[in-house]
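Asks: Can you look at this prediction? I've put the sequence above it.
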Amino acid sequence: MFKFNFEVEADTSEDPEAVKSPIFSNEGNFEPESENTKNIDWYQAEKVKPIDNLISTLDFYELNAKEMNVGNTKIRHLVAGFLLDDIKAQTHLENLDIRKSEENHSDLIAGVYEGGAKIWECTESLLLYLSEKQEDSFWKDKRVLDLGCGSGLLGIYAMKHGARVDFQDYNKDVLEYITYPNVLLNVDESLTDDGKLEFLDKHTSLYAGDWAHFTQLTKEVEKYDLILTSETIYNIENQQKLLETFAGRLKPDGIVLVAAKSHYFGVGGGLEQFSEKIKLENVFRCENVWQADDNLKRGILQLKFK
């Protein structure tokens, strides 16, 4: 069994499979979707640049950052309680999707907000899996996509080991106010402010919007050696888009790692169900490479082209 050397803040839900690790509070609320997602006007994809005051607020982020150790790798990330208070204090940010989700006490608002501001257990599982299974040399010259990245911890881990990483999340403001600051907290501290911005410009790209639109937007961009994704299969109706994104953005000899729970109550998806869908599609070979042996049933699937 994997052992974590950082604490997981867990929900106290009665159902152990429904437990989550919310950043914003200890009372995550993953609402079932009440409407057919096919009728939703999903956000169009776009490439997202850093906000103008990203560097000027770095000292503020530094004072409010938390550290986690994944194997021998230190990752720094924002404490979202602080972040939410800061967003609430800025009246011009009242229309952010993150803020709407908190005001609605929901981790999912279909077509509006897809839970990107939380660190979920399966992200932590995949981080530990990578630290246990991949040598540092594995990452050299690799192109990696952190798909549905949220806080960006998976991509940041790969970045700190020498990979060229792109980040994708449904919500633009998650990328602007969480992912970008977290990436910046983990670049070489000896770089000047201009050097940090240059690093962001040359070594990573961030994309917001729906997966189908993202695949079209990046069709001329070099494909990826490795796609990392966590807690992205909960909605059955979005799984086809997810698989098509894998097929469209993965190199012929590339690998996809999918970390997820065995079942997501109220929304229908889960590892077993997703594995069956992969078999029916007959595009990827699918292997269960890791399974939790505790009460929170979750695992990691590895996908390769047939």
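Replies: On my side now, so go ahead.

Asks: Could you pull out the strands in the stretch 51-200 of the chain for me?
Replies: Ranges of strands in the stretch 51-200 of the chain, per DSSP state E, counting those that start in this stretch, are 65-70, 73-78, 143-147, 164-169.

Asks: Just name the shakiest helix or strand of this protein by mean pLDDT.
Replies: Ranked by mean pLDDT, DSSP states H and E, the weakest helix or strand in the chain is helix 97-103, scoring a mean of 57.

Asks: To residue 177, which of the strands of the stretch 51-200 of the chain lies closest?
Replies: Closest approach to residue 177 among the strands of the stretch 51-200 of the chain (Cβ to Cβ): strand 73-78, 8.6 Å. To be clear about C-beta, it is placed using only N, CA and C from the backbone, and glycine gets the same treatment.

Asks: who does that closest one pair up with?
Replies: strand 65-70 (antiparallel) (DSSP bridges).

Asks: Outside of the partner strand itself, which residues are in contact with it?
Replies: The contact list for strand 65-70 (Cβ atoms under 8 Å, 6 or more residues apart in numbering) reads 5-6, 74-79, 127-128, 130-131, 153, 157, 185.

Asks: ok, so of those, who is nearest residue 50?
Replies: The closest of these, once distances to residue 50 are taken by Cβ to Cβ, is residue 185, at 13.1 Å.

Asks: Please list the residues outside the helix or strand where residue 227 lies that contact it.
Replies: Here residue 227 is covered by strand 224-230, with elements defined by DSSP states H and E. Under the contact criterion Cβ under 8 Å, 6+ apart, strand 224-230 has outside partners 120, 122-123, 125-126, 130, 142-148, 154-155, 158, 163, 166, 242, 246, 249-251, 253-260.

Asks: ok so, going back, what subset of the contacts of strand 65-70 is buried?
Replies: Among the contacts of strand 65-70, those buried by neighbour count (16 or more other Cβ atoms under 10 Å) are 75-78, 127-128, 130-131, 153, 157, 185.

Asks: how about these in JSON lines, adding pLDDT and distance to residue 49?
Replies: Formatted as JSON lines, the buried ones among the contacts of strand 65-70 follow (pLDDT from 0 to 100; distance: Cβ to Cβ, whole Å):
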{"residue": "75", "pLDDT": "97", "distance to residue 49": "23"}
{"residue": "76", "pLDDT": "96", "distance to residue 49": "22"}
{"residue": "77", "pLDDT": "94", "distance to residue 49": "21"}
{"residue": "78", "pLDDT": "89", "distance to residue 49": "19"}
{"residue": "127", "pLDDT": "97", "distance to residue 49": "27"}
{"residue": "128", "pLDDT": "96", "distance to residue 49": "32"}
{"residue": "130", "pLDDT": "98", "distance to residue 49": "28"}
{"residue": "131", "pLDDT": "97", "distance to residue 49": "31"}
{"residue": "153", "pLDDT": "97", "distance to residue 49": "21"}
{"residue": "157", "pLDDT": "98", "distance to residue 49": "23"}
{"residue": "185", "pLDDT": "95", "distance to residue 49": "18"}
